[in-house]
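Participant: no sequence on hand, only this structure:
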């Protein structure tokens, strides 16, 4: 009990000091409002009423202004809002953190920011494999070999049925075969082992783009059939 007396005395003194500061703030607000009201009343009397307003009205205006500002200050310093008033009331600690807010609760904050590890036993999303065209025995497959290096004869960069062809000759032959059948037509891209050219080279892309976009022929790439 003896040890509690100093502690209670210190806490009581702190509360009394805080109350006194708040009361002084309210009084200061009244004086500031009274002075402001006097300045406004003087300005109105000079420029609006041409110095014809009674003194009692000007004094009443000062009092009303002072009381209004004192009420505003009192609401601020004695308020019990989320900020706990001007001097940190409302149950908050010295750092300004309130006790009634879940957002500032360390335990709840830590819980909300901790990610849950994925469950290894949870079903994984199904991913459909990439499907390649299923060529039927009745389908027509036009096999074109794209030549490079010493295999090229003049401007004949393509080989169809072991016969070198130019781009225009190749298009004419493919068009004739497609028009002569009602079956599905595929263009099979082939490269020789020697003097192989890149799949994205111009000689390749101009043929595959023309077959796909202009003729509606599906292209089969090596290793993807």
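Facilitator: Looks like it arrived, so ask away. Bear in mind that the values here come from a model prediction, so they are computed numbers and not experimental data.
Participant: past the helix or strand of the chain with the lowest mean pLDDT, which element shows up next along the chain?
Facilitator: Every helix and strand of the chain was ranked by mean pLDDT, DSSP states H and E. The lowest is helix 106-113, at a mean of 55. If you walk from helix 106-113 toward the C-terminus, the next helix or strand you reach (DSSP states H and E) is strand 140-146.
Participant: buried sites along that next one?
Facilitator: Buried residues in strand 140-146, counting neighbours by 16 or more other Cβ atoms under 10 Å, are found at 140, 142, 144, 145, 146. C-beta: built from backbone N, CA, C; applies to glycine.
Participant: over to stretch 200-217?
Facilitator: So stretch 200-217, judged by 16+ other Cβ under 10 Å, has buried residues 204, 207, 208, 210, 211, 217.
Participant: burial of residue 189, as a residue count?
Facilitator: Using other Cβ atoms under 10 Å, residue 189 has 19 other residues around it.
Participant: the chain: strands as residue ranges?
Facilitator: With DSSP state E as the definition, the chain shows strands at residue ranges 140-146, 158-160, 163-165, 185-190, 218-220.
Participant: which one of the ones you listed lies closest to residue 64?
Facilitator: Comparison of the strands of the chain against residue 64 by Cβ to Cβ identifies strand 218-220 as nearest, at 89.4 Å.
Participant: for the closest one, buried residues please.
Facilitator: Using 16+ other Cβ under 10 Å as the burial criterion, the residues of strand 218-220 that qualify are 219, 220.
Participant: and it, what does it pack onto?
Facilitator: Contact partners of strand 218-220 among helices and strands, from 3 or more Cβ pairs under 8 Å, 6 or more residues apart in numbering; DSSP states H and E: strand 185-190.
Participant: and with 10 Å instead?
Facilitator: Under the contact definition 3 or more Cβ pairs under 10 Å, 6 or more residues apart in numbering; DSSP states H and E, strand 218-220 sits against strand 140-146, strand 185-190, helix 202-209.
Participant: contact partners of that strand?
Facilitator: Applying Cβ atoms under 10 Å, 6 or more residues apart in numbering, the external contacts of strand 218-220 come out as 132-133, 135, 139, 141-144, 184-190, 204, 207-209, 211-212.
Participant: could you identify the longest helix within the protein?
Facilitator: helix 4-47 (DSSP state H).
Participant: tell me what that helix is packed against?
Facilitator: For helix 4-47, the packing partners by 3+ Cβ pairs under 10 Å, 6+ apart are helix 55-77.
Participant: the helix it packs on vs helix 4-47, what angle?
Facilitator: 140 degrees (axes from the mean of the first three to the mean of the last three Cα atoms, to 10 degrees).
Participant: excluding chain neighbours, what is closest to residue 73?
Facilitator: In space, not counting the residues next to it along the chain, residue 73 is nearest to residue 29; the distance is 3.3 Å by Cβ to Cβ, 6 or more residues apart in numbering.
Participant: contacting residues for the one you found?
Facilitator: Counting by Cβ under 10 Å, 6+ apart, residue 29 makes contact with 66, 67, 68, 69, 70, 71, 72, 73, 74, 76, 77.
Participant: mind running it again at 7 Å?
Facilitator: In this structure, residue 29 makes contact with 69, 70, 72, 73, judged by Cβ atoms under 7 Å, 6 or more residues apart in numbering.
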